[in-house]
Every structure is written in structure tokens, then in C-alpha cells.
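Engineer: Build the 3D model from these lines:
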Amino acid sequence: MKCTTALVAMHASFADGWRPSSSATIDHDTLPVRCHMVDRRQESLCETALETIELSWRVQVGELGFAEPILDDDDRFDVYITTEYTEGGAYVAGEGGDADPSDGRMGQPSYMAVDPSIPRSEFAGYVAHEFNHVLQYSMDFIEPTLPVWEATATAAEAWTLDDYKIYGDWVATFQAYPWMGLLGDSYILWDDYDIWSYHEYGAGIWILHLDETYFEGSGTGGAALWWALVQDSRDNEPDVLDAWADVTGGSWQDSLAEFVAFNLVSHDPDRRPAWVDGRDDGDWGSVPMETIWGEDLPATVVPEYGIAQTGWVHLELPDAPEDLVVTYEGNDSIGVVLVAVDVDGNTQIESEWPVRLDFTGAVDLAVINMGTPEFDADERLRMAPLEITMAVEPAEPEPGDTGTPDDTNDTGADDNTGGTDDNAGGAGETDGGGEEGGRLEGDGDDGKAGGCSATGSAASWAALLGLMAAARRREGTGSTKR
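Structural biologist: Numbering: from 1, shown residues only. All right, here's what the predicted structure looks like:
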């Protein structure tokens, strides 16, 4: 997938009234959709685009519940078969400002551009993906968080097309760098760390998990999340974390810990939910940052770049011993949560430190940065440096417990030799995170092509460039490539 919508925003030539070139058109028989081409030899591509838009409209709007496309001044939605700014891929561009100030949402008309060089085997997937961006434009075109655009559009491909599996490369790169979290994106990874990634696309597994967990796999979870994002002004409230909490009926922190627990076992057919089998092409597995063997204890792990808010690191413990205690050192102002899953799929979630593991043997463990209590999704991403230490620490006896029977006449038939409290810290809810600081605007794409966000033009230009600014807002410890 090479979706260049975000890069389109960087070109000043995109303004209201500009459209790709067109020398011939084909109209859909029943829907207000027109396909444009520059060469009659592209008619078959137009026909495929119109057929896929018809399917996507029926599924994504009629069945899943997304808002209909907002039509332009000629009461049509337009798709262009073109090489202008598509870079071998596709994009959607918005036009104008809020189309209807009285409808309670920031909706905008848009059009789609699709490159004719896209392989036929992938063409329908591109169109279904981009059509979901069209619907996102009609609901909340000022939403600045890149992953919620791309992750939802990626999941929409899976909901629209039969037997569709999310591309393994996308998921693999998301799984390899979970410390970037659900608010960071491939542009940050490339610009700051020289890491090529399809991070925001691979985050489609987050949306699929949301839908399977809270919407019975109906596919309506993506639309519910976007309706929860809707606002009637340029003030981006609710933001993506607010919307996530709304649709799950709890806190986003609890939902994140739940998703991370799933993610830790997403590679394992014996522990993961059965629905994954129909989506995984073999690359869904979470990638441990480090493997810690019992003979290596005590051990300290330091994530190279730190962990962004909503990010985590995965540690693999193949033979965790009894009395294993996990501690961390770092920023005391942030909430840090531990998630552990044992070989049977049992889960332990803790927010009070130090944490005494309930499990022995093979354990997958994650440490999550929840940010400070005031954290808002629109604020800066800051990489929190953490030192995570694991050591065997036999539990102290309970007060008054000598470790021997307290009745000298006890025969020992009732073995009451003391015991330990193996759940120090206790599971509980965590506070979110929030750091002060506005968005950081970035420069050009610096060679990066493949991330996609939704953008617009002219009257809405300042707000839409905010999307690119948000995609680049961060404070980090990595080197910057220039």
C-alpha cells in the first residue's frame, strides 16, 4: 500500500478548484459517482474502481455505519485514474471547509486519485481503503492522529473484501516497534530514527481487536469509533483517546492494557482468539525487544529510544522462576503499567510497583507508558527513558509469621507454614498521561513515501496542515535524519 494523501498536503499547488487532469469519464449506473481518465485504455480500471466503490459504499456505509460521502458542487463523488501526485499509489484530498455547519460534525467533500500502475491484484484493496478515507472526511476531517485514519481504513479493507488479510509487512513493522504506540507513526520513525515502517497501517490490528472485543466482530467498531470522534468545531475534542474510552465504556488506559495483552499472544494459535486465524498471514506476532532467561537474572533492560505515551516494550521470559519481581526506574510523573501473560493465556495487569509476577515458566511481559495523568492525545509525544529490572526476591513473611506452626502442639497435618503474598501491588486502573507542549510542525517527507493521512486544501488548509504537524509532534532521544 502506497497511500500518498499525507504527502499531497505538502504541495502548495493543491487548492480548492484544482483536480487531476481528465479527458474522458464514466458514470456509475445508480450511484452519484464519476470516474475520470486521461486515456480510454484505462476504461477497465474505471470500471473496477466504480464496482469497488459500489461495494464499499454498500458495506462501509450501509452495513458498518460510516457516514455517506459528502458530495461536491456538482452533487457527485469523483475518482481519478491518474499519475498526478499518486507516486504509484493513491490518495484522497478534501476540499473547502465544513460543508454543513449545522450538522454537528466537521465534514468535508473529497475526491480520490488512483495510480494506473497499481497491480490489478491490489487495485480493489486500494480503492476500498481510500473510500474509507472519503467517509472519514465526511465525519471529522480535522482529526490529527494519523494511526486512527490509516488503521481504520486498513480494517475497512478487511471488512469490505472477501478473504482479505492485512499485509504481513504492515503488521510486522508495527509489532517490531511497539514503543511508538498508537499515537506515533511511520513519519516519526523515519525522520527521527531512520526506521522504515508501515506503523499506522499495521495498527489495523488495534481496530480489528476493538471490533472483535466490543462489537462481536460485526465490523461496526470502526464506524462507532469515528462517530465518537465527531465534533462541531476545530477544537479537536473529543480526541482519539476520548473516543476509544467512549466506545469501550471504560478508560482508554484499561483498553490499551487489554489490547497489549492480546498483542503479546497474537502470534500463538493456542492463546490468541480464533478470529485472528482468518486475518493473519503469518506475520502478526509481537516481536520481543529482549529475551531474558532465568540464568541471566537479575537483569536490567533499557529500551534504546525510550517509550512514547501509549507505547510499550515486549520482554520474553522463557523460564521465569518463582518470586520474580519487576521494578522500573524513570520518570515518576508518568503512569507505568505491567502486563504479563503466561503459557495458558492467563493475564496479570499491575499499576503499582514493584510488581511480583504471579506466573512462572514461559511468560510474555510488556511495560506500557500511560503518560502523566493530564495527558491529552493532541499533545507532544515524549519518549520516556525507563530502566526495567527483573530479579528473584523471596517474599517477606507476613507480620507475626515466623515461618513455623504458631501452635507448638500442631502436628503439621494442617500445613500452615506461612505462605507469601504473591500479588504485591495489586491490579488496578491507571491514570492516563499528559505532558504540556503544543504540536511540532515538521519539514518535507525527506524521502518517506508510504504513510497516509487525510488532508484537505485551501479554506481548510490551516486545519489540515495540522494533521501533518500532529503526525510529526514529538520530543525524542533518537537522531534526526536531514
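Engineer: What ranges does this protein have for its helices?
Structural biologist: In the chain, the segments counted as helices under DSSP state H are 5-8, 43-56, 120-140, 146-160, 168-176, 186-193, 199-202, 204-214, 221-229, 240-248, 252-264, 461-471.
Engineer: so can I have a markdown table of these showing mean pLDDT and mean neighbour count?
Structural biologist: No exception for glycine: its C-beta is placed from N, CA and C like everyone else's. Output for these, formatted as a markdown table (pLDDT from 0 to 100; neighbours: other Cβ atoms under 10 Å):
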| stretch | mean pLDDT | mean neighbour count |
| --- | --- | --- |
| helix 5-8 | 52 | 27 |
| helix 43-56 | 98 | 19 |
| helix 120-140 | 97 | 23 |
| helix 146-160 | 96 | 28 |
| helix 168-176 | 89 | 21 |
| helix 186-193 | 96 | 24 |
| helix 199-202 | 95 | 30 |
| helix 204-214 | 96 | 23 |
| helix 221-229 | 98 | 24 |
| helix 240-248 | 98 | 22 |
| helix 252-264 | 97 | 23 |
| helix 461-471 | 39 | 21 |
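Engineer: surely Thr173 meets His199?
Structural biologist: Yes - Thr173 lies in contact with His199 (Cβ atoms under 8 Å); the separation is 6.1 Å.
Engineer: Quick check: neighbours shared by these two?
Structural biologist: Taking Cβ atoms under 8 Å, 6 or more residues apart in numbering as the contact definition, Thr173 and His199 share the neighbouring residues Ser186.
Engineer: residues contacting Leu210?
Structural biologist: Leu210 makes contact with 221-222, 225, 244, 247-248, 255, 259, according to Cβ under 8 Å, 6+ apart.
Engineer: and of the residues you listed, the nearest to Cys46?
Structural biologist: Nearest to Cys46 among these: Gly222, at 27.3 Å, using Cβ to Cβ.
Engineer: Nearest residue to that closest one in space, please, no chain neighbours.
Structural biologist: Nearest in space to Gly222, with sequence neighbours left out and distances taken as Cβ to Cβ, 6 or more residues apart in numbering, is Thr152 at 4.6 Å.
Engineer: Quick check: the one you found vs Asp358, distance?
Structural biologist: Plainly put, Thr152 is 35 Å away from Asp358 if you go by Cβ to Cβ, to the nearest Å.
Engineer: And Arg234, by the same measure?
Structural biologist: Here the criterion is Cβ to Cβ. By it, Arg234 lies 47 Å from Asp358.
Engineer: With Gly330 instead?
Structural biologist: 24 Å.
Engineer: Apart from its chain neighbours, what residue comes closest to Tyr164?
Structural biologist: Spatially, and ignoring its direct neighbours in sequence, Tyr164 is nearest to Ala158 (4.8 Å; Cβ to Cβ, 6+ apart).
Engineer: give me every residue that touches Thr327.
Structural biologist: Taking Cβ under 8 Å, 6+ apart, we find Thr327 in contact with 353-355, 388-389, 391.
Engineer: Most neighbours among those residues, please name it.
Structural biologist: Neighbour counts for the contacts of Thr327, by other Cβ atoms under 10 Å, peak at Val355, which reaches 27 neighbours.
Engineer: coming back round to it: just checking, which of the contacts of Thr327 belong to strands?
Structural biologist: 355, 388-389, 391 (DSSP state E).
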